[in-house]
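Asker: Let's see this in three dimensions:
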Amino acid sequence: ELEKKWGISNKNLLNWNALIKIKRWKLQEAVGHIESLKKIDPKNSRLPFLYFSLAKNYKTRRRPKDAHQWLSRLIHEFPKHHQTMKAHWEQAWKHYTRNQHHSSLKHLDAGLSLTSKHSKIRPQFIYWKAKIHALLKHEKESDKLYGELLSKYANTYYGLRGLLEQEEPEGESGTMKILAKKDQHRPGQELSSEEEIFLNRWEFLFDIFDTEQAEAEILNALKNDHSRSFSRKICELLNHYEAFHTLQKVIANHYIFVLYDQKIGEDPLWEFAFPRPYWAHVREVASKAGIDPYFALAIMREESHFNPNAISRSEAMGLMQLMPATAKEQAGRHKIQIRDLEEIFDPFLNTLLGTHYLGKIASRFNDELVYTAGGYNAGPTNMKRWLKTYNGASPEEFVEHIPFQETREYVKRVYRSYQIYLQIYSS
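Answerer: Numbers count the residues shown, from 1 in each chain. Prediction:
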């Protein structure tokens, strides 16, 4: 009937119905739709995603045999698909947690063969291969893999973990001991006369506090062809006038791949990508809260990208994305009265309350970065429950166990930002 009325093909209808049933946790009904779709079209392009979604939901519902079945089907029926790469990771991690290291390596090898050079998951495969080979006392293989990780993916979460593990003595963590070699800025082509006029205009707009107009014009201008020197000068201008949120946009849109391969060092790009907004204030309030100010900056960077007016779908507010109830609670502890919720957007109040809330979480979890960042994102109650479930896991193992994908990726980003902050400013 739907096919006649709306022109929906039977294949699309089966796919949608399967997705809806998975979303509503009616997994057995979803299986029926998936099997019907496979019967009609065994190579349908939607099947790999459906297989993986079903497997992940079975895993969440603690039905490992069903999860294994659908991951195995995905690997067998669609061996070259990008979803299969993720299936190999799931299987590799399952075997790792059961100390089945050789089986884990087989899946890591298979998954790695499907990744591209710039795939986000590639450093993850390399890191855990290196870890497993180290556990198996395969020093040559482990050293080779760590070498690849540090030479090609040093600036990723896994590259930075690998660097710490390679350079630090046993049991020492949280501090970057070795500075990477510095790369000097290579000047680009000269500015055109038109570009110089634009820069002078924007400097004038900043000086008369027409910040919003200046930032809008800058972002619009960068959509057109421009010289490398022009975008660099824009970064310098935004940094000078402390327009850190717009600076983050420029870095993300124009320099992300430059930074991906570049060693962390003195090039101003790194300080533009990892700035220190309100530094004197953040350093003071973080110190009083008992946390590293660079950790506070890492949280701030990943929470709001330094947008003091940021507000999330869940109504978290400001630089450190505080929920109104949390902000009021922390304000009460400092005998500060919040009469209007708009006050929470104030950068100085927001960072005061945010750092002290962060310090409270840190003290609850013995100042462990992973647990503190995860608790800040998902709530201390969830973190406490996960620590009980995965008791005995090392911090790097625990990260992979975090059930919420959003929190898992958030923790990785915070860890990466924190370590990069330490490298940039430790000298």
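
Asker: Thought residue 15 was touching residue 36, still the case?
Answerer: No. Using Cβ atoms under 8 Å, residue 36 makes no contact with residue 15, being 10.3 Å away. Where you see a C-beta, it was placed from the backbone N, CA and C, and this is true even at glycine.

Asker: what are the phi and psi values for residue 317?
Answerer: phi -130, psi 140 (degrees, to the nearest 10).

Asker: Name whatever forms a beta bridge with it.
Answerer: Residue 317 has these beta-bridge partners by DSSP bridges: residue 311, residue 322.

Asker: Look up how far residue 194 lies from it.
Answerer: Plainly put, residue 317 is 40 Å away from residue 194 if you go by Cβ to Cβ, to the nearest Å.

Asker: Likewise for residue 402?
Answerer: 50 Å.

Asker: quick one: which of the two has more around it?
Answerer: The neighbour comparison of residue 402 against residue 194 (other Cβ atoms under 10 Å) goes to residue 402, with 22 against 11.

Asker: how about the nearest residue to the more buried one, chain neighbours excluded?
Answerer: residue 408 (4.1 Å; Cβ to Cβ, 6 or more residues apart in numbering).

Asker: swap in residue 221?
Answerer: residue 198 is the one closest to residue 221 (Cβ to Cβ, 6+ apart), at 6.0 Å.

Asker: what residue ranges in this protein score low on pLDDT?
Answerer: 1-6, 167-189, 266, 427 (pLDDT under 70).

Asker: Could you report the neighbour count for residue 337?
Answerer: By other Cβ under 10 Å, neighbour count at residue 337 equals 9.

Asker: which residues touch stretch 56-63?
Answerer: 22, 25, 27, 64, 66, 67, 70, 90, 403 (Cβ atoms under 8 Å, 6 or more residues apart in numbering).

Asker: repeat that for 10 Å
Answerer: Under the criterion Cβ atoms under 10 Å, 6 or more residues apart in numbering, residues 21-23, 25, 27, 30-31, 55, 64-71, 86-87, 90, 94, 403, 405 lie in contact with stretch 56-63.

Asker: Now which of those residues would you call buried?
Answerer: 21-22, 27, 30-31, 55, 66-68, 70-71, 86-87, 90, 94 (16 or more other Cβ atoms under 10 Å).

Asker: Off-centre distance for whatever helix or strand residue 51 lives in?
Answerer: Assignment of secondary structure by DSSP states H and E places residue 51 within helix 47-60. Mean-position distance between helix 47-60 and its chain equals 23 Å (Cα atoms, centre = their mean, to the nearest Å).

Asker: Could you do stretch 291-302 as well?
Answerer: With Cα atoms, centre = their mean, you get 14 Å for stretch 291-302.

Asker: can you check stretch 216-235 too?
Answerer: 26 Å.

Asker: Which parts of it count as buried, going by neighbours?
Answerer: Residues 218, 221, 222, 226, 230, 231, 232, 233, 234, 235 are the ones in stretch 216-235 that count as buried (16+ other Cβ under 10 Å).

Asker: With stretch 45-53 instead?
Answerer: In stretch 45-53, counting by 16+ other Cβ under 10 Å, buried: 46, 47, 48, 49, 50, 51, 52, 53.

Asker: contacting residues for the nearest residue to the fourth one once chain neighbours are set aside?
Answerer: Yep, that's residue 49 we're talking about. Nearest residue to residue 49, sequence neighbours excluded (Cβ to Cβ, 6+ apart): residue 83, at 5.8 Å. Residue 83 sits next to 47, 48, 49, 50, 51, 52, 53, 55, 71, 74, 75, 114 when contact means Cβ under 10 Å, 6+ apart.

Asker: now the helices for the stretch 201-350 of the chain?
Answerer: Ranges of helices within the stretch 201-350 of the chain are 211-221, 228-240, 244-254, 256-261, 268-273, 279-289, 293-304, 324-333, 347-364, based on DSSP state H, counting those that start in this stretch.

Asker: quick one: which of those helices is nearest residue 99?
Answerer: Nearest to residue 99 among the helices of the stretch 201-350 of the chain is helix 347-364; the distance by Cβ to Cβ comes to 30.6 Å.

Asker: Just give the closest residue to the residue nearest the centre of the chain, not the sequence neighbours.
Answerer: Residue closest to the mean C-alpha point of the chain, counted by Cα atoms, centre = their mean, is residue 413 at 3.6 Å. Setting aside the residues directly before and after it, residue 413 is nearest to residue 302 in space (Cβ to Cβ, 6+ apart), at 4.8 Å.

Asker: Number of residues surrounding that neighbour?
Answerer: With other Cβ under 10 Å as criterion, residue 302 counts 22.

Asker: That one contacts residue 321, doesn't it?
Answerer: Yes. Contact criterion Cβ atoms under 10 Å: residue 302 and residue 321 qualify, at 9.3 Å.

Asker: which ones are touching residue 297?
Answerer: By Cβ under 10 Å, 6+ apart, residue 297 lies in contact with 274-279, 282-283, 286, 306, 319, 351, 417-418, 421, 425.
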